[in-house]
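A.B. asks: I would like the atomic coordinates for the input below:
(2 chains)
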Amino acid sequence: ETGVTQSPTHLIKTRGQQVTLRCSSQSGHNTVSWYQQALGQGPQFIFQYYREEENGRGNFPPRFSGLQFPNYSSELNVNALELDDSALYLCASRPDRIYGYTFGSGTRLTVV
Amino acid sequence: RKEVEQDPGPFNVPEGATVAFNCTYSNSASQSFFWYRQDCRKEPKLLMSVYSSGNEDGRFTAQLNRASQYISLLIRDSKLSDSATYLCVVNRDDYKLSFGAGTTVTVRA
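C.D. replies: Prediction:
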């Protein structure tokens, strides 16, 4: 059973709308990363937070933004949704750099 | 060029067979290497880390060739439960994991 919980599990939104995806990590997991996985592709890195500060970002436009909270939860916000944003969004966290990442089961977003 | 490239397969093998596949990575500064397993519509799960000297975990053997920048995974005595997509993962700068698109393995009875 994963210690990283994501909500919702599935979501359908209309092009142009905004969406917020949520992740709840285990206590002590100071680092959280978000990934986008399109069908048939490997996960692509969106950004990472460490102790509530963004400390790395992939090749995603500014309409993808995030927050990390002191209670080890985090959010991924996507504005002005496009059809190509349809994907599985994965949250991954770890307590410290010497440990591997634990992934949540993901949110499947469909944009119509 | 993609940072991590994998043969997509599918590799369709009978139970008990040995199957092996590789991935290549483009950045020679890459520091850490992993194989993750992903079942259909599920999250990736760490299968094993890959060390320079090669390492085994039960029926799974991973090899790393830094000079040629490739990583391999070998599965011996395949089980039906080994059917999955195997993701090659490279970590260059201590935060971003770079994933390949995955190699699909199907083990048949």
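
A.B. asks: A:Lys36 pairs with what?
C.D. replies: Quick fix: residue A:36 reads Gln, not Lys. The partner list for A:Gln36 in beta bridges (DSSP bridges) reads A:Gln44, A:Tyr89.

A.B. asks: That one contacts A:Phe47, doesn't it?
C.D. replies: No. Here A:Gln36 lies out of contact with A:Phe47, judged by Cβ atoms under 8 Å, at a distance of 10.5 Å. In short, each C-beta sits where N, CA and C put it, glycine included.

A.B. asks: what residues are shared contacts of these two?
C.D. replies: Listed as contacting both A:Gln36 and A:Phe47 by Cβ atoms under 8 Å, 6 or more residues apart in numbering or on different chains are A:Phe60.

A.B. asks: for chain A, which residue is closest to the average position?
C.D. replies: Relative to the mean C-alpha position of chain A, the nearest C-alpha, by Cα atoms, centre = their mean, is the one of A:Trp34, at 3.4 Å.

A.B. asks: who touches the residue in chain A that chain B sits nearest to in this structure?
C.D. replies: As assessed by Cβ to the nearest Cβ, chain B sits closest to A:Gly42 within chain A, at 3.3 Å. With contact taken as Cβ under 8 Å, 6+ apart, A:Gly42 is in contact with B:4, B:87, B:99-102.

A.B. asks: try 7 Å this time
C.D. replies: A:Gly42 sits next to B:87, B:99-102 when contact means Cβ atoms under 7 Å, 6 or more residues apart in numbering or on different chains.

A.B. asks: Ramachandran coordinates for it?
C.D. replies: Backbone geometry at A:Gly42, expressed as degrees, to the nearest 10, gives phi -80, psi 160.

A.B. asks: Setting aside sequence neighbours, what's the nearest residue to it?
C.D. replies: In space, and not counting its chain neighbours, A:Gly42 is closest to B:Phe99: 3.3 Å by Cβ to Cβ, 6 or more residues apart in numbering or on different chains.

A.B. asks: what's across from the residue in chain B positioned nearest to chain A in the sheet?
C.D. replies: Closest approach between chain B and chain A, counting by Cβ to the nearest Cβ: B:Phe99, at 3.3 Å. With DSSP bridges applied, the residues forming beta bridges to B:Phe99 are B:Val89.

A.B. asks: Which one of the contacts of A:Gly42 is nearest to A:Ser24?
C.D. replies: Distances from A:Ser24 to the contacts of A:Gly42, taken as Cβ to Cβ, are shortest for B:Phe99 (23.0 Å).

A.B. asks: Spell out which residues of chain A are next to chain B.
C.D. replies: Proximity of chain A to chain B (Cβ under 7 Å from any Cβ of the partner chain) is limited to residues A:2, A:33, A:40-43, A:45, A:48, A:55-56, A:58, A:90, A:97, A:100-101, A:103-106.

A.B. asks: Within the helices and strands, which one has residue 46?
C.D. replies: As the question left the chain open, I've gone with chain A. strand A:44-50 (DSSP states H and E).

A.B. asks: please go with chain B instead
C.D. replies: In this structure, B:Leu46 is located in strand B:45-50 according to DSSP H and E.

A.B. asks: What is the subsequent helix or strand relative to that strand?
C.D. replies: Secondary structure here is assigned by DSSP H and E; on that basis, the next helix or strand after strand B:45-50 toward the C-terminus is strand B:55-57.

A.B. asks: Check what pLDDT the residue nearest to A:Gly42 gets.
C.D. replies: We note a pLDDT of 94 for B:Phe99 in this prediction.

A.B. asks: Understood, closing this out.
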